[in-house]
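S.K.: Structure for this input, please:
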Amino acid sequence: MSRHGSNYPPEVRERAVRMVGEVQADYPSQWAAITAVASKLGIGSAETLRKWVRRAEVDAGERPGITSEERTEIKQLKRENAELRRANEILKAASTFFAAELDRPHRFS
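M.R.: Reported below is the predicted structural model:
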């Protein structure tokens, strides 16, 4: 489970974001709608819901930014890159070790 929004199930997040979109016209600002929906659904902080709304807007292409899918792909690529760097370091160390072994004179009996 992701670190963000882990206290709330995805269904609650989706419902809250959808509700903000539905009732936004009834309030003077989006923040007022967010605050009201957060209060009605028992979401601890209106800021939490605001972030969910912003993320949904980015994912829908309504706001510039990196989508959740792109963010997930970037994380995965960073992990893979780190793993490859570690493997490369291991291979360099092994190469150095074996090169030193080849340079040592061996006594044959």
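S.K.: Show the average pLDDT along the strand or helix carrying Glu89.
M.R.: In this assignment (DSSP states H and E), Glu89 forms part of helix 68-103. Helix 68-103 shows a mean pLDDT of 93.
S.K.: Determine the set of other helices and strands touching that helix.
M.R.: helix 46-59 (3 or more CB pairs under 8 Å, 6 or more residues apart in numbering; DSSP states H and E). Every residue, glycine included, has its C-beta placed from N, CA and C.
S.K.: Please identify the buried residues of the helix it packs on?
M.R.: Using 16 or more other CB atoms under 10 Å as the test for burial, helix 46-59 gives Ala46, Thr48, Leu49, Arg50, Trp52, Val53, Arg55, Ala56, Glu57, Val58, Asp59.
S.K.: Could you count how many residues lie near Arg86?
M.R.: Neighbourhood size, Arg86 [other CB atoms under 10 Å]: 10.
S.K.: right, I mislabeled it, should have said Glu62
M.R.: With other CB under 10 Å as criterion, Glu62 counts 9.
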